[in-house]
Each structure stands twice: as structure tokens, then as C-alpha cells.
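Predicted model and sequence below, questions to follow.
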Amino acid sequence: QVRFVESGGGLVHAGGSLRLSCTGPEHIFAFATMGWYRQAPGKQRELVAQIAAANGSAEIVDSVKGRFTISRDDAKSTVYLQMNNLQFEDTALYYCNGDVGVVGEYWGRGTQVTVSS
């Protein structure tokens with residue numbers, strides 16, 4: 001089963017930074033729009049950022065704009081989420097998603113980010 005693997009989560013104080021990484025199979029990653037989602041306890045999973053395969057254009061949701069940056073390294077089949085000035089409300093399980101349209105959609109198991117106030 002195709003799956004992406006996230007890493008980089010952890011416990012950080014408010015105002016701190018973390019960089020999440022997600023790696024997947026090269027033959028999937030190269031064609032996938034890669035996204036980072038998060039799910040806080042009691043809330044629905046929400047999109048945080050995504051980056052296209054073809055031109056690398058990125059979208060960031062307003063709640064994290066100016067603090068989070070998404071990037072991808074196709075040579076390493078890895079997508080990153082740089083998170084700066086983390087706030088308590090950023091606490092969530094962060095998931096990596098690879099969307100290859102009609103071919104399929106692939107998820108990781110998630111990495112926990114906990115921000116202490």
C-alpha cells in the first residue's frame with residue numbers, strides 16, 4: 001500500500017519553530033499535488049498548505065499565512081512545512097497528502113505537533 005511518511009513533529013513553546021518533512025514513493029511524488037493537513041482534537045481535518053507538482057505554485061490558508069511555508073524537493077521526493085511563530089492553536093496531528101487526481105490520493109499516518117502556551 002502506497003503511503004507517505006511524516007516526521008519532524010514534537011513539543012515546542014509558543015513562538016517556536018518546527019519543520020515537518022514528508023517523503024513518499026518517487027513515482028507518486030513526482031506527479032502529486034502535495035498537501036499538509038491538520039486535525040486538532042474534536043475538530044475536522046483541515047488543509048493547511050499545498051504545493052503543485054507542475055510549477056510548484058503554493059497555497060497557504062489564511063490562519064497560518066506569514067508563519068508557515070510549504071516547499072518541495074522533487075530530487076528527494078520530500079515536501080516540507082516550515083512552521084514559525086507557532087501558537088497554541090496550531091496544536092494538532094499533521095498529515096501529509098499526495099493527490100494524483102484520478103490515479104489516487106495517498107496519506108501519511110501523521111506527526112503530532114504540540115505547542116505549549
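Nice, I can see it.

just the helices in the chain please.
Ranges of helices in the chain, per DSSP state H, are 26-29.

State the distance from the residue positioned nearest the centre of it to residue 103.
Note on the chain: the residue nearest the mean C-alpha position is residue 36, at 2.6 Å, using Cα atoms, centre = their mean. According to Cβ to Cβ, to the nearest Å, residue 36 and residue 103 sit 20 Å apart. In short, each C-beta sits where N, CA and C put it, glycine included.

Next: residue 56.
Going from residue 56 to residue 103 by Cβ to Cβ gives 20 Å.

With residue 95 instead?
19 Å.

Look at the two and report which has more neighbours.
residue 95 (21 against 11; other Cβ atoms under 10 Å).

Might one say that that one is in contact with residue 39?
Yes. Taking contacts as Cβ atoms under 8 Å, residue 95 lies within contact range of residue 39: 7.1 Å.

residue ranges for the strands of this protein, please.
Along the chain, counting by DSSP state E, strands occupy 5-7, 10-13, 18-23, 33-39, 46-51, 58-60, 68-73, 78-83, 92-99, 105-107, 111-116.

Could I get these in CSV, plus columns for mean pLDDT?
Listed next are the strands of the chain as CSV, based on pLDDT from 0 to 100:
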stretch, mean pLDDT
strand 5-7, 97
strand 10-13, 98
strand 18-23, 98
strand 33-39, 98
strand 46-51, 98
strand 58-60, 96
strand 68-73, 97
strand 78-83, 98
strand 92-99, 97
strand 105-107, 94
strand 111-116, 98
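
thinking again about what came up before, what is in contact with residue 95 and residue 39 at once?
Counting by Cβ atoms under 8 Å, 6 or more residues apart in numbering, the common neighbours of residue 95 and residue 39 are 45, 110.
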